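Visitor: Any chance you can model this:
(one chain, ligands or ions: 2)
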Amino acid sequence: MLQIAVTGKPNVGKSSFFNSATASSVEMANYPFTTIDANKAVAHVIKDCPCQELDVTCNPRNSICRDGKRLLPIELIDVAGLVPGAHEGKGLGNKFLDDLMQAKVFIHVIDASGSTNIEGNPVDPGSHDPLEDIEFLEEEIVMWMYGILSRNWVRLIRKVGAEHLDISKVLFDQLSGTGIAIEDIIEAKRNIEPDYNKWEEEDLIELTRNILHIAKPMMIVANKADLPTSADNIKRIKEKFPNVIPASAESEIALVKAAEAGLISYLPGDDHFDILQKDKLNENQLKALEYIQTNILDVYGSTGIQDALNYGIFELLDNIVVYPVQDEHKYTDQKGNVLPDGILVPKGSNPRELAYLVHSDIGDNFMHAVDARSHMRVASDYELKDGDIISIVTKG
Ligand SMILES: Nc1nc2c(ncn2[C@@H]2O[C@H](COP(=O)(O)OP(=O)(O)O)[C@@H](O)[C@H]2O)c(=O)[nH]1
Ligand SMILES: [Mg+2]
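Guide: Ligands and ions are numbered 1, 2, ... in the order given. Presented below is the predicted three-dimensional model:
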C-alpha cells in the first residue's frame, strides 16, 4: 500500500490530522486490514467511481464506494514531532527520521496560526512565524540524510577510485533503507560538479537536497486554519511555497464524528454538509457547525484533510486509478463482482505493469489487454488513463 508520512514539530496537529484522516476509514471499510502499529493506519484517497457513468451497481473489494465516489486505501504514518537539531539526536531523534523514510511522500503539518514556537510550545497566537518551521524541517531532513550519505566518506571515495566503482551505486548503497531509487540519485547528480573527487561538503549537501526533492516530494498542510491569525499567514506561505493546503484537522474531526452519529451527512472532501437531525444538536454544536461552514468550508472549499491526501497521491506521486476486470462486458471479476478493485498506478504505466500490480502470476502470464469501454484490444505500450477499466487476458 502507498504510504504517506505526517511530519512536523510538536503540537501543530499531526495526530489530529492523522486521526481525522483515519477515523472514518475503520468505520467504513469492509475488508480486512493488514497489521498496522499504533502510529500507522489506513486512510483513503477519493475519485469518482465509474459505476455512475456506467449506471451499474458496483461491489468493491479492495476499496469502498460511497455516493458514486471510490475510496481507495493508502497508509498514513504519524511520525512523532521533530524539533530543530533532531538529526543530531536532539528531542526524539533519529528513529523518527527512519519512520519518515518509509513513506513515498511527506505531509508537513504546520500551525498556520503561529500559536506554537519553533520547539512546539504554546505561545500567543500570531506571535510565531510559521514560515520558519517550513525551512527548519527540510533542513533537518537534509542534514540527517547528509549524515548517512557522508558516513566514512574519505575511505569510501578512495575505494570508489581504486576499484572503479559507480558513484551513483555507492551513494545508493549508502542510502539503503530510505527507499530511494538509484534513478533518483542519478537525476539528482545532474547539476552537481561531475567529478566526485572535487566534491566539498556543500556539494554533498546540495546533492542530498536534490535527492530529497526528487525522491520524497513534500506538501505543506497549513493547519489550524480555523483560528483568526491563520488567514494572513496562509497567504504569505502560499506566495513563497508551492504545494500548500490550508486545513483544519479539528473541523474535520468534528464533521466526521457528527456524520458517524448520523447527525449530518458529510463525505471527507465535501465543501458542505447537510444537517439531518437538528433536534439532536444543542445550541453549541449548531454554532460550531455553523462556524466550520462559514470560516472553513466557505473560505477554503473543504477542511483540507482529504485534499491533502489526494494531492499527495494524485499530484505529487502522479498516480491514476485503473479498474482491472475479467469480464469486459459486465465489468466483473471471476466471482461476478462489478468493478471490484481500484488500483493506484503511476501515470505512464502500461497494461502489463498493471497486471504485475494485480498479481505477479498475472503479470508473468500477461498476453494482452482489452479496454472494457470500447471493447478494443489495446497495444502493449498503451498508456493507461485515469478511470480505465481494463480486462487482462492471460495465458492458460
Ligand atoms: N484550532 C485548532 N486546533 C487544533 C487543530 N488541530 C489540532 N489542534 C490542537 O492543537 C493541539 C495539538 O494537536 P496534536 O494533534 O496533538 O498535535 P501533534 O503534537 O502535532 O500531534 C491540540 O490541542 C489540538 O486540539 C485545528 O485544526 N484547529
Ligand atoms: Mg502527536
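Visitor: Show me what from the stretch 51-200 of the chain comes close to ligand 1.
Guide: residue 81 (C-beta under 6 Å from any ligand atom). Heads up, the C-betas are built off the backbone N, CA and C, glycines and all.
Visitor: Pull out the buried residues from stretch 347-356.
Guide: If you call a residue buried by 16 or more other C-beta atoms under 10 Å, then stretch 347-356 has these buried ones: 349-352, 354-356.
Visitor: Just the ones of these in helices?
Guide: Members of the buried residues of stretch 347-356 lying in helices (criterion: DSSP state H): 351-352, 354-356.
Visitor: mind listing the helices in the stretch 51-200 of the chain by residue range?
Guide: Under the criterion DSSP state H, counting those that start in this stretch, helices of the stretch 51-200 of the chain are mapped to 94-101, 130-149, 153-163, 167-174, 182-189.
Visitor: Pick out the shakiest of those, pLDDT-wise.
Guide: Mean pLDDT is lowest for helix 94-101 among those, at a mean of 76.
Visitor: and that one, how far from the chain's centre?
Guide: 16 Å (C-alpha atoms, centre = their mean, to the nearest Å).
Visitor: Show residues contacting that helix.
Guide: Contacts with helix 94-101, where a contact means C-beta atoms under 8 Å, 6 or more residues apart in numbering, come from 5, 7, 39, 77, 79-82, 86-87, 106, 140-141, 144, 177-179, 216.
Visitor: measure residue 87 to ligand 2 for me?
Guide: Separation of residue 87 from ligand 2 (C-beta to the ion, to the nearest Å): 20 Å.
Visitor: Could you do residue 248 as well?
Guide: Note on residue 248: its distance to ligand 2, by C-beta to the ion, is 16 Å.
Visitor: same question, residue 137
Guide: 15 Å.
Visitor: ditto for residue 344
Guide: Residue 344 is 27 Å from ligand 2, by C-beta to the ion.
Visitor: Any idea how many residues pack against that residue?
Guide: By other C-beta atoms under 10 Å, 20 other residues sit near residue 344.
Visitor: Over to residue 10?
Guide: 17.
Visitor: and if you look at residue 395?
Guide: Residue 395: 7 surrounding residues under other C-beta under 10 Å.
Visitor: again, but for residue 203
Guide: Using other C-beta under 10 Å, residue 203 has 13 other residues around it.
Visitor: what's the answer for the one 5 residues further on, then?
Guide: Residue 208: 23 surrounding residues under other C-beta under 10 Å.
Visitor: For the stretch 201-350 of the chain, just list every one of the helices.
Guide: Using DSSP H, counting those that start in this stretch, the helices of the stretch 201-350 of the chain run over 201-215, 230-240, 249-260, 283-292, 298-300, 305-310.
Visitor: can you list the domain ranges for the protein.
Guide: Following automatic domain parsing, the chain resolves into domains at 3-128+218-313, 142-214, 324-394.
Visitor: weakest of those domains in terms of mean pLDDT?
Guide: Sorting those by mean pLDDT places domain 3-128+218-313 lowest, at a mean of 90.
Visitor: Give me every residue in the stretch 1-150 of the chain lying close to ligand 2.
Guide: Residues of the stretch 1-150 of the chain lying close to ligand 2 (C-beta under 5 Å from the ion) are 14-15.
Visitor: could you pull out the strands for the stretch 1-150 of the chain?
Guide: All strands of the stretch 1-150 of the chain, identified by DSSP state E, counting those that start in this stretch, fall at 3-7, 40-48, 64-66, 69-78, 105-111.
Visitor: Does anything pack onto the third one? Which helices or strands?
Guide: Contacting strand 64-66 under the criterion 3 or more C-beta pairs under 8 Å, 6 or more residues apart in numbering; DSSP states H and E are the following elements: strand 69-78.
Visitor: So what are the sheet partners of the strand it packs on and their directions?
Guide: Each strand that pairs with strand 69-78, with its direction, by DSSP bridges: strand 3-7 (parallel), strand 40-48 (antiparallel), strand 64-66 (antiparallel).
Visitor: Tell me which of the domains of the chain is the most buried.
Guide: Highest mean neighbour count among the domains of the chain (mean count of other C-beta atoms under 10 Å): domain 3-128+218-313, with a mean of 19.
Visitor: so who does the single nearest residue of the stretch 251-396 of the chain relative to ligand 1 touch?
Guide: Using C-beta to the nearest ligand atom, the closest approach of the stretch 251-396 of the chain to ligand 1 is made by residue 251 at 6.2 Å. Applying C-beta under 8 Å, 6+ apart, one finds that residue 251 lies in contact with 226, 292, 296, 303.
Visitor: I figured the second one was touching residue 250, is that so?
Guide: No - contact status for residue 292 versus residue 250: not in contact, 9.0 Å apart, counting by C-beta atoms under 8 Å.
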